[in-house]
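**Q** Could you work out the structure for the sequence below:
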Amino acid sequence: MPMAKHFRCLHSTNCVCIKGHMSEEVIFLLFQHLNWNPKMIAALSCVCKWFDDLAKRVLWKEFCKERAPKMMLDLQSSRSHSVDGNWSALGKLLIYCSGCTKGGLFNSINIPGHVVHKTRFSRTSGKSFLLPQCRMDVLYVSDPCEHLDQGEEGDVGFFRGLFKSFATSKVRKMLIQREAQLHPKEVCPYCKAKLWSMLQAKMIPSSASCRLDAYEDAVEYYVCLNGHVLGMCTLLSFSDTEEAFESGCDT
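**A** This is a model prediction of the structure:
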């Protein structure tokens, strides 16, 4: 089974067994030896509710700490419940590009979700996605996952991210003050929470397109109630990139 399917069934386990398993200590040591293999964790979570519960409490947490140790230390320094309660969602966000479907969040094209084997998340880059009055917030954003030659859309990039302590962030406060509407149908692909559109709230600064190397009017991203970020942009062509480099970017 492809890993994308493993992720889609993380929350659809049917097993109700309560005994006959190895101890949690043995499973911990086994997956430590396997370097917290996410494909194995996701696959077993699909077929056993007992294992799924253990994975959500322990294994995904260890996977996240192994995959992005500095980021995890920073996120946990605030004792953020939004992280502690969603380790499987965060593990998925670290390595899974959700893509898009026609009629979905980004409306225009159909690009299947897929596993990204290596992604850099940057706190410094995250500031480029925030209005000046919100730049005391901490946002980690990934480099764009590039999907080239997408017909009329050209070269498309998807990016993901996570706010630290989103519940107390200035971004959340501003979204509420501006009476931003939650999306009526779509939910976060990582935790199933409802989504705010930063484009609809007019909260995407021009520095975001510069950071992504994308056209200024072609960046869109959403933030869910748990502080997960997912976005899409149309990437500049090579000649446009040269022009942007020569003119410089104001961040």
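**Q** Name all residues that make contact with residue 140.
**A** Residue 140 makes contact with 71, 75, 121-123, 126, 161-162, 164, according to C-beta atoms under 8 Å, 6 or more residues apart in numbering. For every residue, glycine as well, the C-beta is placed using N, CA and C.
**Q** element containing it, please.
**A** Residue 140 is part of strand 139-142 when elements are defined by DSSP states H and E.
**Q** avg pLDDT for that strand?
**A** Strand 139-142 shows a mean pLDDT of 97.
**Q** next one: stretch 168-179
**A** Average pLDDT, stretch 168-179: 96.
**Q** distance between stretch 158-165 and the chain's centre?
**A** Chain-centre distance of stretch 158-165: 5 Å, with C-alpha atoms, centre = their mean, to the nearest Å.
**Q** any idea how far the nearest residue to residue 98 once chain neighbours are set aside is from residue 100?
**A** Excluding its sequence neighbours, the residue lying closest to residue 98 (C-beta to C-beta, 6 or more residues apart in numbering) is residue 189, at 4.0 Å. Applying C-beta to C-beta, to the nearest Å, the value for residue 189 to residue 100 is 10 Å.
**Q** who wins for neighbours among the contacts of residue 140?
**A** Using other C-beta atoms under 10 Å as the neighbour test, these are led by residue 162, with 30 neighbours.
**Q** Could you point out the helix or strand that follows the one helix or strand that residue maps to?
**A** Using DSSP H and E, residue 162 maps to strand 156-163. Later in the chain than strand 156-163, the nearest helix or strand by DSSP H and E is helix 170-177.
**Q** and the direction of that following helix versus that of strand 156-163, what angle?
**A** Comparing the axes of helix 170-177 and strand 156-163 via axes from the mean of the first three to the mean of the last three C-alpha atoms, to 10 degrees yields an angle of 100 degrees.
**Q** Determine the set of other helices and strands touching helix 170-177.
**A** Helix 170-177 sits against strand 214-224, with contacts defined as 3 or more C-beta pairs under 8 Å, 6 or more residues apart in numbering; DSSP states H and E.
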